[in-house]
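1. Fold the following and give me the result.
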Amino acid sequence: MITKKFWPIGVVLFCLAGCAAVPTYTDPLLDSLNSPLAASPFGNTNLGVVITENTQKAVAYTGKRTGFWQGSIQDLMSADKDAAPKRIVGDMMKILQRRFKSVVVFENLTEAAASEVDMIMTYDARAAFAPRHGQPTTVELLAMFMTRDRQPLDTIVGNGRVNASTSSYNFSPALTSALGDFVYRLDDSAKLKAHTRRAVAPVFTSEVREIRPKAADLKHGSYYEKSWAVVIGINNYDAWPSLEYAVNDAHAVKQKLKEIGFDEVIEVLDKDATRARLLALLGTELREKVGPEDRVVIFFAGHGQTESLGDGRERGYIIPVDGNVTDYFTTAISMTQVRELSQRIRAKHLLYMMDACYSGLGLTRAAGLNPITDGYIQKITSMRSVQMITAGGKGEQVMELDGHGAFTQYILRGLDGEADRDNDGVVTASELGAFVKPQVSRASDNMQTPQFGRLDGEGDVVFVVRTASGS
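-> Alright, predicted model coming up:
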C-alpha cells in the first residue's frame, strides 16, 4: 500500500515496473479460516469429530521429521504456524469451526454416536516426506461424514504434493495445498448440504435401529459409487511350471463379477501379467481411478510361494509370469508390497481373492462386527475394510475341480448365494471366507485349507445375491 507521504517514490516504482506491476494476491486458505459462520451452509449443524490413529501417527511422524512437535494429541487443537505437525489437526479444526455451529472431538465413533450431534466426521490424515531433493512431499486428508447411526453421507479428500528443495521438505506448502483442496470439496458437497437442510439432530428409536435391510434395499450404487475388479490368470510361466486352469478361473470370475454389478473388470492374462505391469496397474492406475466410496476386488490365479526370513518369520509372495524360481524378493510381489498397494488404493472396501497357496500373510482376525448388531449392513458398509481370502497355506498344492481350481469353484458358488449364511440376500466377504474354507478343505481331503482375514479396517465387502429373476 502506498501512503501519501511516500507517493512520489511509489509513482517512480510504478513507472519503472510499467504495466507488469505485481498484483496483491490473497490466500484462499486464510480466507476460508476466517470466513464468517453465517456464510456456511452448515451453520446450523453440530459436528462430532473422531481423530483416527492414522492422523495421530501423521502428527508424530511429522514432528520427528521437522523437530517441532513434542506434545500429546490433546495439544493439537490450537494451530501454530511455526509448528507444522500441529497444523495437521489445528488448521483442520479452524476450518470446521468456521463452518459448523459447534465442533466436538470424541475419542471414538461409539461416543460420537451416543451424543446429540447432527453429523459425525472421522478425520484421517497421512503424510510422506520426500526422500531426497526434487521428489514430492505428499499430504492426504480424508474425512468420512456420516449420520449418528453411521450411515455414510460423503467422503471429502484433500491432496497436497510439493517437491522438496535442497533446503526444505516443503511440508507446509504441501499441507496448505491439501487443506485448500479439502475446503473446496467440503464447501461444494451437495450430499452434506442436502443432509444439513433436511433437519437438525435426528431421533433414532430402538424400533428403527433394529430394522435390517434386505437384498432389495442394496440396489446397485447404494453403498458404492463404483465397483472395480482386476482379475489375473497365469497358465504359461517363463520359469515356473505351467498351470492348466488359472486363465479359465480368471475368465469365470470376470464373468461373475460383471453379472453381480461390477462396473469395470480389468483382465490381465499370461504374458501380460509381468511384475512391472501388475505393480503399475494396482499401485498407480487404480490409485488414479478409484474413489473413496468405491469397491475393489483383486483376483489372482497362479503360483504362490513362501520365503523363510532370517529372524524366523515367513513372507508370502504371489508369482508374476516373469518371476524367478529362486529370487522372490526382486522378481515376485510380496505381502509387504500388497499392504502398500492397499494403502495407495483409496477404495472404501478392497477384497483380495488369491487362488494360490502361501504363508506369511500377517492377517488379523477374520471377524469384524457381530452380524446381530443393530444396523449391521449399514455399519459394515460405512467403514473402511481391506480383506483377503487365499486358496491355502505354505507348501499346499492347489487342487483343480471341474475345470477350475477348487478354490475358485467355491468362490463362484459362494457368490451365487451358497455363502449367504443368514439368508439376508447379501454375501459378505467374511461369509464368503467362512464358506470357502471348509468346502475346499473337505474337497481336497484336508490337503488344501484356505485362509481368510483382514489387512485393515472393521468393515466388510458386500455382494448382492442374485434372485431367480436376476435382480
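2. for residue 355, phi and psi?
-> phi -90, psi 70 (degrees, to the nearest 10).
3. neighbours of it, just the number please.
-> Residue 355 has 30 neighbours, counted by other Cβ atoms under 10 Å. For the C-beta atoms, the positions are set from N, CA and C on the backbone; glycine is no exception.
4. From residue 239, how far off is it?
-> Residue 355 sits at a distance of 20 Å from residue 239 (criterion: Cβ to Cβ, to the nearest Å).
5. Next: residue 428.
-> 38 Å.
6. Give the rounded mean pLDDT of stretch 313-326.
-> Across stretch 313-326, the average pLDDT comes to 91.
7. Could you export that stretch as CSV, CA atoms only?
-> Extracted C-alpha coordinates of stretch 313-326, given in CSV (Å, rounded to 0.1, in the frame of the first residue of the first chain):
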residue,chain,number,x,y,z
ARG,A,313,9.3,-65.3,10.2
GLU,A,314,7.8,-66.1,6.9
ARG,A,315,6.8,-63.9,3.9
GLY,A,316,4.3,-64.8,1.3
TYR,A,317,4.7,-64.0,-2.4
ILE,A,318,2.5,-64.1,-5.5
ILE,A,319,4.5,-65.0,-8.6
PRO,A,320,4.0,-63.0,-11.8
VAL,A,321,4.7,-64.5,-15.2
ASP,A,322,8.3,-63.4,-15.2
GLY,A,323,9.0,-64.4,-11.6
ASN,A,324,12.3,-66.2,-10.9
VAL,A,325,12.2,-69.6,-9.2
THR,A,326,14.7,-68.6,-6.5
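8. ok, and what's touching it?
-> Stretch 313-326 is contacted from outside by 234, 236-240, 270-275, 277-278, 300, 302-309, 328, 330-336, 338, 354, 356, 358-361, 394, using Cβ atoms under 8 Å, 6 or more residues apart in numbering.
9. Residue 357 reaches residue 392, doesn't it?
-> Yes. Between residue 357 and residue 392 there is a contact at 3.7 Å, judged by Cβ atoms under 8 Å.
10. So the nearest residue to residue 52 once chain neighbours are set aside, which state does it fall into?
-> Nearest non-adjacent residue to residue 52, counting by Cβ to Cβ, 6 or more residues apart in numbering: residue 124, 4.5 Å away. Recorded secondary structure, residue 124: strand (DSSP: H, G, I helix; E, B strand; the rest coil).
11. Tell me, how many residues neighbour residue 124?
-> When neighbours are defined as other Cβ under 10 Å, residue 124 has 21 of them.
12. Pull the contacting residues for it.
-> Neighbouring residues of residue 124 by Cβ under 8 Å, 6+ apart: 52, 54, 55, 141, 142, 143, 144.
13. distance of it from residue 87?
-> Relative to residue 87, residue 124 is positioned 16 Å away (Cβ to Cβ).
14. what's the answer for residue 192, then?
-> On the measure of Cβ to Cβ, residue 192 and residue 87 end up 24 Å apart.
15. Tell me which of these two has more neighbours.
-> Remark: of residue 192 and residue 87, residue 87 carries more neighbours, 24 against 21, as counted by other Cβ under 10 Å.
16. Tell me how far the helix or strand where the more buried one lies lies from the chain's centre.
-> Using DSSP states H and E, residue 87 sits within helix 84-97. How far helix 84-97 lies from its chain's middle: 22 Å, per Cα atoms, centre = their mean, to the nearest Å.
17. repeat for stretch 456-466
-> Distance of stretch 456-466 from the chain centroid (Cα atoms, centre = their mean) equals 14 Å.
18. how about residue 444, phi and psi?
-> phi -100, psi 10.
19. just checking, it touches residue 406?
-> Yes. Counting by Cβ under 8 Å, residue 406 is a contact partner of residue 444 at 6.1 Å.
20. Those two: which has the busier surroundings?
-> Set side by side, residue 444 and residue 406 show more neighbours around residue 406, with 26 against 20, by other Cβ under 10 Å.
21. looking at it, the more buried one is touching residue 443, isn't it?
-> Yes. Counting by Cβ under 8 Å, residue 406 touches residue 443, with 5.1 Å between them.
22. now residue 441: how far from residue 253?
-> Computed as Cβ to Cβ, the residue 441 to residue 253 distance reads 21 Å.
23. do the same with residue 278
-> Going from residue 278 to residue 253 by Cβ to Cβ gives 16 Å.
24. Wait, a helix at residue 230?
-> No. Residue 230 is assigned strand when assessed by three-state DSSP, not a helix.
25. and it, what does it touch?
-> Applying Cβ under 8 Å, 6+ apart, we find residue 230 in contact with 265, 266, 268, 281, 282, 286, 296, 297, 298, 299.
26. what bridges to it?
-> Per DSSP bridges, the residues bridged to residue 230 are residue 266, residue 298.
27. change the start of the numbering to 23 and stick with it
-> With the count now opening at 23, the last piece we talked about shows up as residue 252.
28. can you tell me how far it sits from residue 373?
-> Taking Cβ to Cβ, one finds residue 252 at 11 Å from residue 373.
29. got any residues that touch both of the two?
-> Residues touching both residue 252 and residue 373 by Cβ under 8 Å, 6+ apart: 318, 319, 320.
30. ok, and the most crowded of these?
-> Going by other Cβ under 10 Å, residue 318 tops the shared contacts of residue 252 and residue 373 with 26 neighbours.
31. Report the contact partners of that one.
-> 249, 250, 251, 252, 308, 312, 367, 369, 371, 372, 373.
32. So what's the gap between the helix or strand containing it and the chain middle?
-> For residue 318, the host element (DSSP H and E) is strand 317-323. Put simply, strand 317-323 sits 15 Å off its chain's centre (Cα atoms, centre = their mean).
33. Going by neighbour count, which residues in the helix or strand following it are buried?
-> The helix or strand immediately downstream of strand 317-323 is strand 326-330, counting by DSSP H and E. Within strand 326-330, the residues that count as buried by 16 or more other Cβ atoms under 10 Å are 326, 327, 328, 329.
34. which of those residues lies closest to residue 268?
-> The nearest member of the buried residues of strand 326-330 to residue 268, counting by Cβ to Cβ, is residue 326 at 11.4 Å.
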